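> Fold the following, please.
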Amino acid sequence: DHLIDQRPVPHARRIRDELGNRMVQIVLRTGQPGHAPERSVIVDYEINDYKSKTELTAERIFTTVMASLRSYEQLRAIRRQQDELRELAHAAHRFVPQEYLHLLGKKSIADVHMGDQVNAEMTVMFVDVRGFLALSEQWSPEQTLVFVNRLLAWASRVVRAHHGFVDKYLGDGAMALFPRCVDDAVRASLAIRAGAREENKRRAERGETPVHLGMGIHFGP
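The predicted model follows:
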């Protein structure tokens, strides 16, 4: 309820603009409403309520504080729900790429329904490990999982660098789509093969079995 240069103290603006806090409830209590017009103050300072000293009895102060606390708790609940929705959306994108939704003409996974499909010219690339069963028999389950995760994460980065995206993972392999052109898939496959050769050189130095990748590319509707 203090005034500085005939204006409300700028704490409200600091809370809203500098700290970015839109949740805390701010109630202005003033004894000089002429110096702080109600409409201007509420709009300019994002204040939640405006009270003059003459109308604030002990009972009104109590109800104002309780109402503000309830509003704050409701805003916190909404914020928690928003955070949970963002986490769910992030998790969904790991399994359903955003590029895939764009191809279907959908904005989010919530818009997808059973049977949704679109027909388009597309380049498809498959990549997998040759003789993976024999390799995995040499490793523990943990070693196998680490190997597959490292391999597919690296291959996925190469695919994305060439304007494609992984549509699905297939055990020790993956299926990638390249909406733009066939050349993107060819360049990605060459980059994957080059990377695999370098990795096999390092494996040979460590006395480990080389890993051979098989790839196939198809273009069509």
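> Tell me where this structure has helices.
Assigned by DSSP state H, the chain shows helices spanning 11-13, 38-45, 58-95, 98-104, 132-136, 141-161, 182-205.
> Mean pLDDT lowest where, among these?
Looking at these, the lowest mean pLDDT belongs to helix 38-45 (a mean of 67).
> And Arg7, what's its pLDDT?
At Arg7, pLDDT is 50.
> Then Gly105?
pLDDT, Gly105: 81.
> Pick out the residue nearest the middle of the protein.
His90 (4.1 Å; Cα atoms, centre = their mean).
> so can I have CSV of the helices of the chain showing distance to Asp116?
No exception for glycine: its C-beta is placed from N, CA and C like everyone else's. Shown next, in CSV, are those (distance: least, Cβ to Cβ, whole Å):
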stretch, distance to Asp116
helix 11-13, 48
helix 38-45, 45
helix 58-95, 15
helix 98-104, 6
helix 132-136, 33
helix 141-161, 23
helix 182-205, 24
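> what residue of this protein is the furthest out?
Thr54 (49.9 Å).
> neighbours around Pro179, how many?
By other Cβ atoms under 10 Å, 16 other residues sit near Pro179.
> Look up phi and psi at it.
phi -70, psi -20 (degrees, to the nearest 10).
> Can you read off the pLDDT for it?
The model reports Pro179 with a pLDDT of 91.
> can I assume it is in contact with Ala120?
Yes. Contact criterion Cβ atoms under 8 Å: Pro179 and Ala120 qualify, at 7.4 Å.
> Overlap of the contact sets of these two?
Leu103 (Cβ atoms under 8 Å, 6 or more residues apart in numbering).
> one step back: could you work out which of the helices of the chain reaches nearest to Val124?
helix 182-205 (7.8 Å; Cβ to Cβ).
> so the closest one versus helix 141-161, what angle?
On the basis of axes from the mean of the first three to the mean of the last three Cα atoms, to 10 degrees, helix 182-205 is oriented at 150 degrees to helix 141-161.
> Please tell me how far helix 182-205 is from the chain's geometric centre.
29 Å (Cα atoms, centre = their mean, to the nearest Å).
> what about Pro97, distance to His90?
12 Å (Cβ to Cβ, to the nearest Å).
> since we're on Asn119, how many residues are nearby?
By the criterion of other Cβ under 10 Å, Asn119 has 6 neighbours.
> Also Asp111?
11.
> Not counting residues beside it along the chain, what's closest to it?
Closest residue to Asp111 apart from its sequence neighbours, by Cβ to Cβ, 6 or more residues apart in numbering: Leu101 at 7.8 Å.
> How about Val186?
Ile217 (6.5 Å).
> For Arg130, give its distance to Pro210.
For Arg130, the distance to Pro210 - Cβ to Cβ - is 10 Å.
> cool, and Ala188?
Taking Cβ to Cβ, one finds Ala188 at 21 Å from Pro210.
> what about these two, which has more around it?
Remark: of Ala188 and Pro210, Ala188 carries more neighbours, 25 against 12, as counted by other Cβ under 10 Å.
> separation between that one and Ser136?
Where Ser136 is concerned, Ala188 sits at a distance of 25 Å (Cβ to Cβ).
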